[in-house]
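Student: I would like the atomic coordinates for the input below:
(one chain, ligands or ions: 1)
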Amino acid sequence: MKSLDSIISECRANAYDLNFSRAREWKEEEEGRVLVGYMPIYFPREIIHAAGAMPVGIFGGGDDKQIIKGDAYYQSYICHIPRSIIEIALDKHLDHVDGFIFPSICDVIRNLSGIFKQQKIGKFVKYMDFPQNFLPEIGGVFYQQEMSHVLKYIKEINGKDVTTEALNHSIELYNRNRQLIETIYNVRQDFPWRLTIDEVYCIVRAGTVIPVEEHNELLEQVCTHISEDIGDPQDKIKVVVSGAFCEQPASGLIKAIEEAGCYVVDDDYMLGSRMILGDIDASTSHPLQAISTAYIKQSQYSSSIYDVHDPKENRLAKIVKDRGADGVIFAAASFCDPSLLDAPIFQNAFDKMGIRYIAFQYSENINQYKVIKEQVGAFSDSIKLWEDEPAIPAIEDKIK
Ligand code: SF4
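Tutor: The predicted structure follows:
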């Protein structure tokens with residue numbers, strides 16, 4: 001078994017590798033292999049895997065990529081991630097990726113898919129609509145058609161038909177992946193000092209750019225390591241970070257929140273890898289239907305989903321309660337409409353529920369965190385000073 005430090009180093013290197021080297025190696029290992037890039041937030045990676053391809057998560061350039069050409073494609077008053085993705089593509093870091101999927105989140109991602117088409121990047125570009133109708137016979141069928149469309153694109157490249165057995169096998173692998181990630185979060189809920197949130201982030205993000213089989217092996221080993229009583233507890237409050245699901249905060253900012261006095265016991269940084277709650281049925285003769293049913297019935301709340309019957313503020317409040325968190329940090333990428341439009345809904349509800357929170361905005365390329373660190377530190381101190389008061393007074397009656 002590898003040491004925990006070496007696993008974290010390996011994952012960090014892969015997570016931030018803008019050349020997507022492991023994916024390139026995987027493709028070169030065998031003739032006919034296909035790489036399919038997908039943007040945040042969520043995409044059912046199972047179907048790409050079953051088609052003999054490898055899904056590659058593309059989450060922007062962070063603070064490693066200087067933007068020169070990308071700015072020419074976008075106005076100044078939108079988020080940063082599309083500029084860095086364009087920059088990465090124009091600098092040929094994605095030349096080994098065969099096709100690109102842009103899941104529907106917002107107009108920015110939609111426009112990014114148009115630029116990829118206009119620039120003829122990749123063999124196919126698919127803007128993928130996700131259902132906002134949650135009736136299985138309407139939204140569910142539509143979603144299966146969208147997945148079939150993606151499979152058709154991959155078949156045009158590798159000529160492979162996707163079998164039911166292959167789909168079920170891929171579902172099993174990703175079920176295991178989600179289980180192991182959830183185990184890490186569950187251990188950290190009670191023992192957050194065993195692994196920092198920055199380390200968790202690298203471990204989970206690495207799984208978006210390496211084969212799932214390899215990621216599962218690493219996750220199994222991480223779970224074994226953190227089942228031991230390692231690390232020393234510190235005097236920190238527990239928080240949930242919400243709103244940072246698409247453009248990713250730089251590693252320094254993820255670290256700064258914990259350094260300022262907050263154990264992050266849940267977050268939506270890598271929401272796509274944790275989007276489906278629980279397992280997808282891997283023993284059916286209709287696996288696309290199983291994936292679609294899981295999306296409709298078992299999705300985590302998200303700014304990209306309008307689900308009027310299950311308000312997201314109640315769902316976030318439940319996460320806060322279940323994780324035993326003292327408060328919430330709303331971290332939104334600057335100009336991120338989905339996140340910033342949701343924030344007042346959460347904050348109004350949390351004012352009534354008595355859940356404490358702060359909010360700030362970031363950009364993937366900022367590397368000065370002094371102000372944010374002070375804000376987070378003051379939040380942590382204020383909760384510790386008034387810790388005699390219940391952290392979340394009487395929300396039990398107000399949430400499901
Ligand atoms: S950061 Fe927000 S606005 Fe920008 S592409 Fe992502 S979801 Fe859209």
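Student: Excluding chain neighbours, what is closest to residue 384?
Tutor: Using C-beta to C-beta, 6 or more residues apart in numbering and skipping residues adjacent in sequence, the residue nearest residue 384 is residue 237, 6.4 Å away. The way it works is simple: take the backbone N, C-alpha and C, and place the C-beta from them, glycine included.
Student: Hmm, residue 383 and the one you found touching each other?
Tutor: Yes. Here residue 237 lies in contact with residue 383, judged by C-beta atoms under 8 Å, at a distance of 4.8 Å.
Student: Show me whatever sits in contact with both of these two.
Tutor: Common contacts of residue 237 and residue 383 (C-beta atoms under 8 Å, 6 or more residues apart in numbering): 326, 327.
Student: returning to that earlier point: and the residue nearest to residue 384, how far is that from residue 196?
Tutor: Distance, residue 237 to residue 196, using C-beta to C-beta, to the nearest Å: 15 Å.
Student: got the contact list for stretch 298-312?
Tutor: For stretch 298-312, contacts defined as C-beta under 8 Å, 6+ apart pick out 41-42, 103-106, 130, 132, 134, 243, 245, 268, 271, 274-278, 280, 315-316, 338-339, 341-342, 345-346, 349.
Student: Return the helix or strand hosting residue 348 as PDB; C-alpha atoms alone will do.
Tutor: Using DSSP states H and E, residue 348 maps to helix 337-353. Below are the C-alpha coordinates for helix 337-353, written out as PDB (Å, rounded to 0.1, in the frame of the first residue of the first chain):
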ATOM      1  CA  ASP A 337     -25.200  33.800 -12.000                       C
ATOM      2  CA  PRO A 338     -26.400  30.400 -10.900                       C
ATOM      3  CA  SER A 339     -24.600  30.600  -7.600                       C
ATOM      4  CA  LEU A 340     -25.200  34.300  -6.900                       C
ATOM      5  CA  LEU A 341     -28.900  34.000  -7.800                       C
ATOM      6  CA  ASP A 342     -29.300  31.200  -5.300                       C
ATOM      7  CA  ALA A 343     -27.400  32.900  -2.500                       C
ATOM      8  CA  PRO A 344     -30.200  35.200  -1.400                       C
ATOM      9  CA  ILE A 345     -32.700  32.300  -1.300                       C
ATOM     10  CA  PHE A 346     -30.300  30.400   1.000                       C
ATOM     11  CA  GLN A 347     -29.500  33.400   3.100                       C
ATOM     12  CA  ASN A 348     -33.200  34.500   3.600                       C
ATOM     13  CA  ALA A 349     -34.000  30.900   4.700                       C
ATOM     14  CA  PHE A 350     -31.000  30.600   7.000                       C
ATOM     15  CA  ASP A 351     -31.800  33.900   8.700                       C
ATOM     16  CA  LYS A 352     -35.100  32.400   9.700                       C
ATOM     17  CA  MET A 353     -33.600  29.100  10.600                       C
END
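Student: That one: which residues count as buried?
Tutor: Applying a neighbour-count criterion of 16 or more other C-beta atoms under 10 Å, one finds 337, 338, 339, 340, 342, 343, 346, 347, 349, 350, 353 buried in helix 337-353.
Student: what lines up beside the helix or strand following that helix in the sheet?
Tutor: Next helix or strand after helix 337-353 toward the C-terminus (DSSP H and E): strand 356-362. Using DSSP bridges, strand 356-362 pairs in its sheet with strand 327-333 (parallel).
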